[in-house]
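1. My questions concern the predicted model and sequence given below.
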Amino acid sequence: MRSLILVIHICAGVVGLLSGVAAVSLRKGSRGHGVAGNLFFGAMLAMGSSAAYLGNIFGGLFACYLVATAWLTARRRDGGTSVFDWGALVFALAFGVLAITDGLKVANSPTGSRNGVPAGMILFLGTVALLAAAGDVRMLARGGVFGRQRIARHLWRMCFGLFIATGSFLAQRRVMAFLGGPKILLMAVLPLILMIFWLIRVRFTSTYKRRLAPSSDSVRSLPT
């Protein structure tokens, strides 16, 4: 069973990488963007849940949390919330606190890392989780997210989910040895660079004036 889950995890990771790159590259709001985004959502759920089964429980579930809340944000109308959002908030808060606590312990250990993962990365993920939890609190307090805030919420969570996928795949020793260190680092952080670019474009330019509207297959009201 473990071998089968590992195969599913690898296949889902590959599909997630390809569909995530396609979703970022295609015109926002197009049918192709919606199909690629839905495929990325499903692949990340499979990859995250299989990672949780294989032992990376919180990391895998955190990836599922990010893409699930991002996908749901794009599907809803302005102001929509549900019981799921409260459960997502509890998970993000718990994950953030546990990750920060664990990261501090690892930082004070002789090696400064655990299973090859440096303490800085653990603390970084914990910080992101707490920021995501803060965003959930803000959304629930306001009764939902509206306009550009919906676009930004959908965007950064999907991009960070793609970063988890690229980081998980490219961090493998065989992949690093084959492609080379500098190239790997650039490819791994590219989703974060794109995330920052799109967030600036959404929040501080007049490109995205129309609100995010749900549809059956994509975020149709997003212009290029």
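-> Received the coordinates, thanks.

2. count of residues packed around the residue nearest to Leu39 when sequence neighbours are not counted?
-> Nearest residue to Leu39, sequence neighbours excluded (CB to CB, 6 or more residues apart in numbering): Ser19, at 4.1 Å. The way it works is simple: take the backbone N, C-alpha and C, and place the C-beta from them, glycine included. Here the neighbour count serves as a burial measure; for Ser19 (other CB atoms under 10 Å) it reads 22.

3. For Ser19, give me the pLDDT.
-> At Ser19, the predicted lDDT confidence score is 91.

4. Same check on Val219?
-> Model confidence at Val219, expressed as pLDDT, equals 40.

5. Tell me which helix or strand comes right after the host helix or strand of Ala74.
-> For Ala74, the host element (DSSP states H and E) is helix 57-75. Using DSSP H and E, the next helix or strand after helix 57-75 towards the C-terminus is helix 83-107.

6. And the nearest residue to Ala51 once chain neighbours are set aside, how close does it get to Asn38?
-> What sits nearest to Ala51 in space, not counting adjacent residues and going by CB to CB, 6+ apart, is Gly60, at 3.2 Å. Gly60 sits 20 Å away from Asn38, going by CB to CB, to the nearest Å.

7. between the two, which one's more packed in?
-> Taking Gly60 and Asn38 together and counting by other CB under 10 Å, Gly60 has the greater number of neighbours (23 against 18).

8. List the residues that contact the more buried one.
-> By CB atoms under 8 Å, 6 or more residues apart in numbering, the contact list for Gly60 reads 47-54.

9. go on, Ile8?
-> Applying CB under 8 Å, 6+ apart, we find Ile8 in contact with 46, 50.

10. Would you mind pointing out the helix or strand the residue nearest to Leu39 falls in?
-> Mapping Ser19 onto the secondary structure by DSSP H and E places it in helix 2-25.

11. By neighbour count, which bits of that helix are buried? Give me those.
-> For helix 2-25, a neighbour-count test (16 or more other CB atoms under 10 Å) marks 8-9, 12-13, 15-17, 19-24 as buried.
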